[in-house]
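> Dropping a prediction and its sequence here:
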Amino acid sequence: MTTAAEFSDLMAELNSLGESFWAGEAEIAREFLMAAHAPKDHVHWLMHQCYRELRGPGLLDRPSSRTRWIVDNIAAGLPAAETVEGRTQLQYQLHQIAEEFDHYKLYADILEEITGKPVLMEDVRDLSLPSDKVIEALRVKLYAKDARLAGLAYDFTEGGGAGIFYAQGALDTDDPLLLRIKKVGRYIYDDEVPHGQHGVTGIELALSTAEEFPKIREMIVEICRERLRMRAEMHNTTISEERIGEIEAGKIEPLKPFED
Amino acid sequence: MDAHRKAELAADLDEMGRRFWAGEAEICRHFWGQPRTSEEQAHWLRLQVYKEMYGSGLVGNPGGLIRAFLEELRDQVGDAETKEQRSEFERSLRVLREEYNHYKLFADVLETATGQPVSNESLKGWQLDEDKALQAVRQRIREQEGAFGELAIMFTEGGGSAFFLVGRDIKGDAISEEIARACNIVYTDELEHGEHGALDLEQELDSEEEWTKARELITEICQQRLRMRYGMFAIPVDETRIAEITAGEIEPLPVA
């Protein structure tokens, strides 16, 4: 039987692990943003972030998404509207979709200003990176292994602790484009951080034995490592396996909370 | 038509509207002015939940207001490609969330009052005769007057939030407190809709005839709104009082 103190230590370890990976995602974004770039160099990552903001909630069709859940619910005669729990769930899903679209809009508006062209859905729809495909395959594998633990692990890692938004929001710059990115990043970071906390709480509530801890830790590490590769690819760079190992080992400063 | 005359007519119509909203508030105060049983509260809550789900004919979708919004959004997202289209989609999402939230607030109170889930099947039968008549008035105006009629309908939408204005102050038991909380949220949201209606009229109407016609249409809708409020609270319709309110024998609801 795991004592409360032991359990608390395990959670602290998991939190610390997460914080290292979130800082890793921020490091990748910060290195890109701090290097000299022409506005058009930002198009690649902005397009991919637009893709992610739309695909996440299922506004670009994907199975098991929030949007799919609502569409299926409508087709079934809106049974969610009949109970207190269902109504709350529907309200939550609508809130999340609206928030993700808001984030998409913020980036798409910057993109449109850079390119002078509309952000066409046909250009965004099929943007998945090779690393996205790896992440998708990993999701299938982990859910097949243990759907409950995988669900908790994905809740925990969702958004990567908002690391890239943190990096944007923390930019020290007077460049007009970067100032816009900074403003958007900070806005989204403030939206996203409670999601991460939701994931931590989910694990705290759902894990009852210490035996499950190494399994979920392993899943989280696998997901986060792939997320680092994806963030690097998104920013037109690569990350070495050595640096990934260092990040996992905590050889990185955790993100400091914004002071304002 | 010069701007001065337009402003004069707009102010006149605004005051007329506020007299009707005061009439709605009067009916609400009459009902809530004494302690009510859960079943008495459930009577009006059923219609309110129906109205939040089906919009009382504000949209043509037989599946209701919320479903119409959801389906519209599903179709709209593929076109959100320019800054304007993205803003439009964002606005639609905001309206949907607001409308759904209103439904949820009252459905939750109804469930507290009755102890029963709000079944979609039952909900379809909760529209009262007076509300059906209001729906028919709107539909006829929409068909006969087109966009002009739509302006009149929009002006009257929500009845100046008088119902929620009164409801947010009720107290005395747990259900009343829950109703007050719900009304307070909806009151804030709905006020904005009313302001849009008045602004739209001022922008669109250009002749004395149009203002007179708008006044007639709005009067007809508002009178039926009063009958709907009586029916909602299971109070016999008082045509004498409706005539008095139409004649201006009531203080206008103060501007919020």
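All right, it came through fine.

> Near A:Gly245, how many other residues are there?
A total of 11 residues lie near A:Gly245 under the criterion other C-beta atoms under 10 Å in any protein chain shown. For the C-beta atoms, the positions are set from N, CA and C on the backbone; glycine is no exception.

> Tell me the confidence at it?
Looking at A:Gly245, its pLDDT is 98.

> Excluding chain neighbours, what is closest to the spatially most central residue of chain A?
Chain A has A:Gly159 as the residue nearest its centroid, 1.4 Å off, counting by C-alpha atoms, centre = their mean. Sequence neighbours aside, A:Glu192 is the residue nearest to A:Gly159 in space, at 5.0 Å (criterion: C-beta to C-beta, 6 or more residues apart in numbering or on different chains).

> what's that neighbour in contact with, if anything?
A:159, A:162, A:165 (C-beta atoms under 8 Å, 6 or more residues apart in numbering or on different chains).

> quick one, helices of the chain?
Because you didn't say which chain, this covers chain A. A:4-34, A:43-55, A:66-75, A:84-115, A:121-124, A:130-145, A:147-157, A:163-169, A:176-206, A:212-234, A:241-248 (DSSP state H).

> that's the other chain; I wanted chain B
Going by DSSP H, chain B shows helices at B:3-32, B:38-54, B:65-76, B:83-114, B:120-123, B:129-156, B:162-167, B:174-204, B:208-232, B:239-246.

> Run through the neighbouring helices and strands of the fourth one.
Where contact means 3 or more C-beta pairs under 8 Å, 6 or more residues apart in numbering or on different chains; DSSP states H and E, helix B:83-114 is packed against helix A:84-115, helix B:38-54, helix B:65-76, helix B:174-204.

> repeat for the shortest one
Other helices and strands packing on helix B:120-123, by 3+ C-beta pairs under 8 Å, 6+ apart, are helix B:38-54.

> Mind checking the pLDDT average for the helix it packs on?
Helix B:38-54 comes out at a mean pLDDT of 93.

> Tell me which residues are up against that helix.
Contacts of helix B:38-54 (C-beta under 8 Å, 6+ apart): A:81, B:31, B:56, B:64-66, B:99, B:102-103, B:106-107, B:109-110, B:113-114, B:118, B:123-124, B:126-128, B:131, B:175-176, B:179, B:231-234.

> And those, which of them are buried?
Neighbour-count burial (16 or more other C-beta atoms under 10 Å in any protein chain shown) is assigned, among the contacts of helix B:38-54, to A:81, B:31, B:56, B:64-66, B:99, B:102-103, B:106-107, B:109-110, B:113, B:118, B:123, B:126-128, B:131, B:175-176, B:179, B:231-233.

> what ranges of chain B fall below the confidence cut-off?
B:56-63, B:65, B:192-198 (pLDDT under 70).

> Distance check, the most centrally placed residue in it against chain A.
By C-alpha atoms, centre = their mean, chain B has its centre lying nearest to B:Gly158, at 2.3 Å. Using C-beta to the nearest C-beta, to the nearest Å, B:Gly158 is found at 21 Å from chain A.

> can you check B:Ala133 too?
26 Å.

> ok, now which ones touch that residue?
Counting by C-beta under 8 Å, 6+ apart, the residues that B:Ala133 touches are B:224, B:227-228.

> Need the helices of chain A in CSV (columns: distance to B:Glu220).
Converted to CSV, those look like this (distance: least, C-beta to C-beta, whole Å):
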stretch, distance to B:Glu220
helix A:4-34, 60
helix A:43-55, 45
helix A:66-75, 34
helix A:84-115, 35
helix A:121-124, 44
helix A:130-145, 58
helix A:147-157, 54
helix A:163-169, 53
helix A:176-206, 46
helix A:212-234, 59
helix A:241-248, 70
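
> Out of those, which one sits most buried?
helix A:163-169 (a mean of 26; mean count of other C-beta atoms under 10 Å in any protein chain shown).

> Please enumerate residues in contact with that one?
Residues from elsewhere that reach helix A:163-169, judged by C-beta under 8 Å, 6+ apart: A:21-30, A:33, A:49, A:181-182, A:184-189, A:192, A:231, A:255, A:258.

> That one - what's its average pLDDT?
Confidence over helix A:163-169 (mean pLDDT, whole number) is 97.

> Minimum distance to A:Arg243: which of the helices of chain B has it?
helix B:83-114 (36.5 Å; C-beta to C-beta).

> in that closest one, what counts as buried?
B:85-86, B:89-90, B:92-93, B:95-113.

> Next, the angle helix B:65-76 makes with it.
Angular relation of helix B:83-114 and helix B:65-76 on a 0 to 180 degree scale: 150 degrees, by axes from the mean of the first three to the mean of the last three C-alpha atoms, to 10 degrees.

> Distance from the chain centre to helix B:83-114, please.
15 Å (C-alpha atoms, centre = their mean, to the nearest Å).

> How about stretch A:18-28?
With C-alpha atoms, centre = their mean, you get 11 Å for stretch A:18-28.

> Run through who's touching it.
A:156-157, A:160-164, A:166-167, A:170, A:196, A:200, A:220, A:224, A:227-228, A:231-232, A:235, A:237, A:239, A:243-244, A:247-250, A:252-255.

> Also stretch A:219-235?
A:14, A:17-18, A:21, A:24-25, A:28-29, A:31-32, A:44-45, A:48-49, A:129-132, A:134-135, A:138, A:142, A:145, A:149-150, A:153-154, A:156-157, A:160, A:163-164, A:238-239, A:244, A:247-248.

> Low-confidence stretches in the stretch 101-250 of chain A?
In the predicted model, the stretch 101-250 of chain A carries pLDDT under 70 at residues A:194-201.

> interface residues of it facing chain B?
By the criterion of C-beta under 8 Å from any C-beta of the partner chain, the positions of the stretch 101-250 of chain A lying close to chain B are A:101-102, A:104-105, A:108-109, A:112, A:118-121.

> B:Lys83 is in contact with A:Val119, correct?
No - contact criterion C-beta atoms under 8 Å: A:Val119 and B:Lys83 do not qualify, at 9.1 Å.

> Find residues that contact each of those two.
Joint contacts of A:Val119 and B:Lys83 (C-beta under 8 Å, 6+ apart) are A:108, A:112.

> hmm, back to that, mind putting the contacts of B:Ala133 in TSV, neighbour count and distance to B:Leu70 included?
Formatted as TSV, the contacts of B:Ala133 follow (neighbours: other C-beta atoms under 10 Å in any protein chain shown; distance: C-beta to C-beta, whole Å):
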residue	neighbour count	distance to B:Leu70
B:Gln224	20	29
B:Arg227	21	31
B:Met228	25	26
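
> Kindly indicate which of the residues of the stretch 101-250 of chain A next to chain B lies nearest B:Leu70.
A:Phe101 (13.9 Å).

> rewinding a little: mind putting the helices and strands packed on helix B:83-114 into CSV with distance to B:Ala152?
Shown next, in CSV, are the helices and strands packed on helix B:83-114 (distance: least, C-beta to C-beta, whole Å):
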stretch, distance to B:Ala152
helix A:84-115, 31
helix B:38-54, 19
helix B:65-76, 19
helix B:174-204, 8
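
> Now B:Glu150. Nearest residue, chain neighbours left out?
B:Glu150 sits nearest to B:Arg142 (C-beta to C-beta, 6+ apart), 6.3 Å away.

> and the one you found, how many neighbours?
Neighbour number of B:Arg142 under other C-beta under 10 Å is 18.

> same check, this time on the one 3 residues further on
With neighbours defined by other C-beta under 10 Å, the count for B:Glu145 comes to 16.

> Please determine how far the spatially closest residue to it that is not a sequence neighbour is located from chain A.
Counting by C-beta to C-beta, 6+ apart, B:Leu217 is the residue found nearest to B:Glu145 once chain neighbours are left out, at 6.7 Å. From B:Leu217 across to chain A, the span is 33 Å (C-beta to the nearest C-beta).
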